[in-house]
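Enquirer: Output the structure for:
(one chain, ligands or ions: 2)
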Amino acid sequence: MRAVVFAAVGELTVAERPEPVPGPREVVIETAAVGICGTDTHVLDGEFEGTVFPLVPGHEATGTVVALGPGADEGPSALAVGDHVAVNPSSTCGECDLCLTGRQNLCRAWNGMGVVRADGAAQQRFTAPVANVFKLRPDTDVFEAALIEPLACAIHGWDVLPRRMADHVLVYGSGTMGLLMAQLAPRAGAASVTIIDVNPDRLVTAAEVGIEHRYTSAGDADRAEWDVVIDCTGSIAAIEDGLPRVMAGGVFQHFGVAPADATARYSPFRVYRDEVSVVGTMAVLNSFGRAVAMFETGAIKAQPMISHSFTLEDYAQALRMFRAGQGRKLQVRPNQDTSRTLLGQPGQRR
Ligand SMILES: [Zn+2]
Ligand SMILES: [Zn+2]
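Expert: Ligands and ions are numbered 1, 2, ... in the order given. Reported below is the predicted structural model:
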């Protein structure tokens, strides 16, 4: 069986590995699709907190159950061979003060498949505990469903965002996270959604998923202020542009990942005088099953969001393309033998 392996910081190889064997209450999953995101580049570059090398990357995964460990077919999360599934990559200690106060996403011993010390899904088959494995409907597109993991992060983002019906929402960044947050906004009660991206090509995707108001600069929009402003870029320029556009009594959310040592400037007087809330959001908290439900109800237009699929052998090429900001969501499909462009080729999408 073939696997992508991050052998050490900056060292990427494709290696032959033994077939995985499921332990108690684990299953083996044959990988369908794995999304690539900024986290994968941070892991390879040694910038992700706590990564233990060597590590198989891949935390946005779907696939088909092919083997069951003892007890995996029992209990509320019972699985069967042949089930299509999406996998929550997070595991938490259940013992620390944060876990014991309902903040498992901030667990002091947090472990993520493909990012910390458990192998991820950029391999032909992988094991996962049944508690992390969510069954999909048989008619759900198992490749597009790899967007469920980032969608679970977006749902947690909305969970922690104080909001009201009829809010006007402004989103910075028309990448995967911005597009997911913007598509969820009407579901969260927004009266209007505006999306900003300095790259006009990315706004084409926003149009294709149905975001009505799109600009390369918020200054060009038909409003001057918004109840909710969400940064999905991590760019200091976007953050400094967006915070002053929050209406009095409104909310600014940091969703994008800024560099760990970066600082941004804002007016404390303005935050005080106009009761502006600033909130952060981190990963997934009890939102994975709800992400499956929202995905399967059609809340997200997934097809225009995914532009390319790559074989395991072309993983390095996929990462180069990601770093260059090319394409839309890039996926690795470890059991397919050709890398392909998925957009603009009707009938050739599988
Ligand atoms: Zn990710
Ligand atoms: Zn914990």
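
Enquirer: do you know how far residue 56 is from residue 11?
Expert: For residue 56, the distance to residue 11 equals 13 Å [C-beta to C-beta, to the nearest Å]. The way it works is simple: take the backbone N, C-alpha and C, and place the C-beta from them, glycine included.

Enquirer: same deal with residue 74?
Expert: For residue 74 relative to residue 11 (C-beta to C-beta), the value is 41 Å.

Enquirer: cool, and residue 160?
Expert: Counting by C-beta to C-beta - residue 160 and residue 11 are separated by 37 Å.

Enquirer: Between the two, which has more neighbouring residues?
Expert: Higher neighbour count among residue 160 and residue 11: residue 160, with 14 against 11, using other C-beta atoms under 10 Å.

Enquirer: Does the more buried one touch residue 284 like I think?
Expert: No - with contact defined as C-beta atoms under 8 Å, residue 160 does not reach residue 284; the gap is 11.8 Å.

Enquirer: Which residues of the stretch 51-200 of the chain lie near ligand 1?
Expert: By the rule C-beta under 5 Å from the ion, the part of the stretch 51-200 of the chain lying against ligand 1 is residue 60.

Enquirer: Which parts of the stretch 51-200 of the chain are strands?
Expert: Applying DSSP state E, counting those that start in this stretch to the stretch 51-200 of the chain gives strands spanning 60-68, 84-87, 90-91, 111-112, 125-129, 133-135, 168-172, 192-196.

Enquirer: Save those as a markdown table, and put in mean pLDDT and mean neighbour count too.
Expert: Listed next are these as a markdown table, based on pLDDT from 0 to 100; neighbours: other C-beta atoms under 10 Å:
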| stretch | mean pLDDT | mean neighbour count |
| --- | --- | --- |
| strand 60-68 | 98 | 24 |
| strand 84-87 | 98 | 26 |
| strand 90-91 | 94 | 22 |
| strand 111-112 | 94 | 19 |
| strand 125-129 | 98 | 22 |
| strand 133-135 | 98 | 21 |
| strand 168-172 | 98 | 27 |
| strand 192-196 | 98 | 26 |
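
Enquirer: Now those strands in CSV, please, with extra columns for distance to ligand 2.
Expert: Converted to CSV, the strands of the stretch 51-200 of the chain look like this (distance: least, C-beta to the ion, whole Å):
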stretch, distance to ligand 2
strand 60-68, 23
strand 84-87, 20
strand 90-91, 10
strand 111-112, 10
strand 125-129, 16
strand 133-135, 21
strand 168-172, 31
strand 192-196, 35
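
Enquirer: Please identify the residue most distant from the middle of the protein.
Expert: residue 273 (34.9 Å; C-alpha atoms, centre = their mean).

Enquirer: Next one, pLDDT for that one please.
Expert: Note on residue 273: pLDDT of 98.

Enquirer: State which one residue of this protein is found closest to ligand 1.
Expert: Proximity of the chain to ligand 1 (C-beta to the ion) peaks at residue 37, 3.2 Å away.

Enquirer: tally of neighbours for the nearest residue to residue 233 once chain neighbours are set aside?
Expert: Of all residues not flanking residue 233 in the chain, residue 173 sits nearest, at 3.9 Å (C-beta to C-beta, 6 or more residues apart in numbering). Around residue 173 there are 25 other residues, counting by other C-beta under 10 Å.

Enquirer: Residue 173 and ligand 2, how far apart?
Expert: Distance of residue 173 to ligand 2, computed by C-beta to the ion, to the nearest Å: 30 Å.

Enquirer: How far does stretch 122-136 stretch from one end to the other?
Expert: 20 Å (C-alpha to C-alpha, to the nearest Å).

Enquirer: what residue ranges in this protein score low on pLDDT?
Expert: Residue ranges of the chain with pLDDT under 70: 344-350.

Enquirer: can you tell me which residue is nearest the centre of it?
Expert: The chain, centroid-nearest residue using C-alpha atoms, centre = their mean: residue 150 at 2.1 Å.

Enquirer: my guess is residue 134 contacts residue 292, does it?
Expert: Yes - counting by C-beta under 8 Å, residue 134 touches residue 292, with 5.0 Å between them.

Enquirer: How far off centre is the top helix by length along the chain?
Expert: Longest helix in the chain, counting residues (DSSP state H): helix 148-159. For helix 148-159, the separation from the chain centroid amounts to 7 Å (computed by C-alpha atoms, centre = their mean, to the nearest Å).
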